[in-house]
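Chemist: Predicted model, plus sequence, below.
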Amino acid sequence: SGMRALARQLLDLGATVSGSDSVPSATLEKLSARGAAVHVGQQAENLPEELDLVVYSAAIREANPELLAARKRGCEVLKYSQMLGRLMSHRCGIAVAGTHGKSTTTAMVAYALSTAGRDPSFIVGATVPQLGGPSGVGAGPHFVAEACEYDRSFLNLSPALAAILNIEEDHPDCYPDLDSIIEAFRAFAAKVPPHGVLVANGEQRETAEATAEVVAAELSDVTGISVSPIVFSTSTEFKIQAVPEGAVADSITVTIYDLLGKKVGEVSGSDTDRVTWTGGSLGNGAYIYVAVVEGADKVWTFRGFVYI
């Protein structure tokens, strides 16, 4: 799990680590062999006398005896995701989110960086033999971590680079419906700074919906065009609003390509506030290319995704 990977990484960083789990396991034995003081069963007596910080997982309840004892002693207490965010803040963070595939993709990113000689630090929520375990401390600038949506944990991370693989309905104890999950991923996408990179699975509608506002904001910053979120009025119609800052454009052209790069249509006109495509369904999605022209020599362009 992520907690065990975190414990291993803290040991590698030179910290004195102790902890407990409800049942014995081979992983606990490995942590013990690396120098951790490991207890089976959770009780207040497990807390060492000298203690700087207590980290607990999102699955631990407030009535947990160790957690209660730590709060009573006035110790600093952090959730796992908060500690992960603290570690990431010292590096170039790479966070991989999604309902499915997080562990595999996080491991692949860490492995690719390692193979390229970048020597990353990483935490994966699974054992990865190719990486020598679920976590590692490298001398390189990157910190690669699995970003879990449970309990909105990933909102404690501030990655420079992030990926959203997919969004599906899950964790009913945290999210009442799919819309609330999409909203959480929308907030995660917004954590990526303007100079960062967000990679999203554009072929899935829920992911496109979660990232639409971030894409629009980025396009506005890059192009100087104020771009509103795309409005879907029917299954075969979308509207794009592109209003230049401080000026009235002479014309606007929207060119639509399918996901294979084939041009499927174009709309041009002098109505620069709004352009409507009614050329039929674009299937799973399409690229759009918009050019807004002011005067004889000023052109703004941007590229983005539209999904209907």
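Modeler: Received, thanks. Quantities reported herein were computed from a predicted structural model and do not represent experimental measurements.
Chemist: all contacts plus neighbour counts: C-alpha atoms, from now on.
Modeler: OK.
Chemist: And Ser18, how close does it get to Arg86?
Modeler: For Ser18, the distance to Arg86 equals 19 Å [C-alpha to C-alpha, to the nearest Å].
Chemist: Can you check the pLDDT for Leu161?
Modeler: Leu161 carries a pLDDT score of 96 in this model.
Chemist: Quick check: bridge partners of it?
Modeler: With DSSP bridges as the criterion, Leu161 is bridged to Ile94, Val197.
Chemist: first vs last residue of stretch 160-168, how far apart are they?
Modeler: 24 Å.
Chemist: just stretch 58-76 next, same as before
Modeler: End-to-end distance (C-alpha to C-alpha), stretch 58-76: 16 Å.
Chemist: next one: that stretch to chain centre, how far?
Modeler: 28 Å (C-alpha atoms, centre = their mean, to the nearest Å).
Chemist: Touching stretch 92-100 from outside, list them.
Modeler: Here stretch 92-100 makes contact (C-alpha atoms under 8 Å, 6 or more residues apart in numbering) with 102, 105-106, 141-149, 154, 157-168, 170.
Chemist: Which among those residues count as buried?
Modeler: With burial judged by 16 or more other C-alpha atoms under 10 Å, the buried subset of the contacts of stretch 92-100 is 102, 105-106, 142-149, 154, 157-168.
Chemist: can you give me the strands in the stretch 1-150 of the chain?
Modeler: With DSSP state E, counting those that start in this stretch, the ranges of strands along the stretch 1-150 of the chain come out as 18-21, 37-40, 53-56, 76-79, 92-97, 121-123, 135-136, 142-146.
Chemist: closest one to Asp12 among those?
Modeler: Relative to Asp12, the nearest member of these by C-alpha to C-alpha is strand 135-136, separated by 7.5 Å.
Chemist: partners of the closest one, with directions?
Modeler: When DSSP bridges is applied, strand 135-136 pairs with strand 121-123 (antiparallel).
Chemist: Tell me which residues touch the closest residue to Val128 other than its chain neighbours, please.
Modeler: The shortest distance from Val128 to any non-neighbouring residue, by C-alpha to C-alpha, 6 or more residues apart in numbering, is to Pro134 (5.5 Å). By C-alpha under 8 Å, 6+ apart, the contact set of Pro134 is 5, 122-128.
Chemist: Look up how far Leu87 lies from Pro134.
Modeler: Taking C-alpha to C-alpha, one finds Pro134 at 16 Å from Leu87.
Chemist: can you check Arg152 too?
Modeler: For Arg152, the distance to Leu87 equals 18 Å [C-alpha to C-alpha].
Chemist: next one: Ile123
Modeler: 10 Å.
Chemist: end-to-end on stretch 127-136?
Modeler: 11 Å.
Chemist: Any buried residues in that stretch, and which?
Modeler: Applying 16+ other C-alpha under 10 Å to stretch 127-136 flags 127-128, 131, 134-136 as buried.
Chemist: What is the nearest of those residues to Gly74?
Modeler: Ser135 (29.6 Å).
Chemist: residue contacts, the closest one?
Modeler: Here Ser135 is in contact with 5-6, 8-9, 121-124 (C-alpha under 8 Å, 6+ apart).
Chemist: With Arg91 instead?
Modeler: Arg91 sits next to 141-143 when contact means C-alpha under 8 Å, 6+ apart.
Chemist: could I get those as TSV with pLDDT?
Modeler: Formatted as TSV, the contacts of Arg91 follow (pLDDT from 0 to 100):
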residue	pLDDT
Pro141	94
His142	96
Phe143	96
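Chemist: nearest to Tyr80, of those?
Modeler: When the contacts of Arg91 are compared against Tyr80 (criterion: C-alpha to C-alpha), the nearest one is Phe143, at 15.7 Å.
Chemist: Hmm, Arg118 and the closest one touching each other?
Modeler: No. Between Phe143 and Arg118 there is no contact under C-alpha atoms under 8 Å: 10.7 Å.
Chemist: Sketch out the low-pLDDT regions of the chain for me.
Modeler: 215-262, 267-308 (pLDDT under 70).
Chemist: list the contacts for Glu149?
Modeler: 97-99, 184-185.
Chemist: That one and Ala58, how far apart?
Modeler: Taking C-alpha to C-alpha, one finds Glu149 at 11 Å from Ala58.
Chemist: now do Asn156
Modeler: 12 Å.
Chemist: Also Leu165?
Modeler: 22 Å.
Chemist: Which one's more surrounded, Asn156 and Ala58?
Modeler: Per other C-alpha atoms under 10 Å, whichever of Asn156 and Ala58 has more neighbours is Asn156, with 19 against 14.
Chemist: didn't the more buried one look like it was pressed against Tyr80?
Modeler: No. Under the criterion of C-alpha under 8 Å, Asn156 makes no contact with Tyr80, lying 9.5 Å away.
Chemist: Can you get me the start-to-end distance on stretch 130-141?
Modeler: Across stretch 130-141, first to last residue, C-alpha to C-alpha, it's 20 Å.
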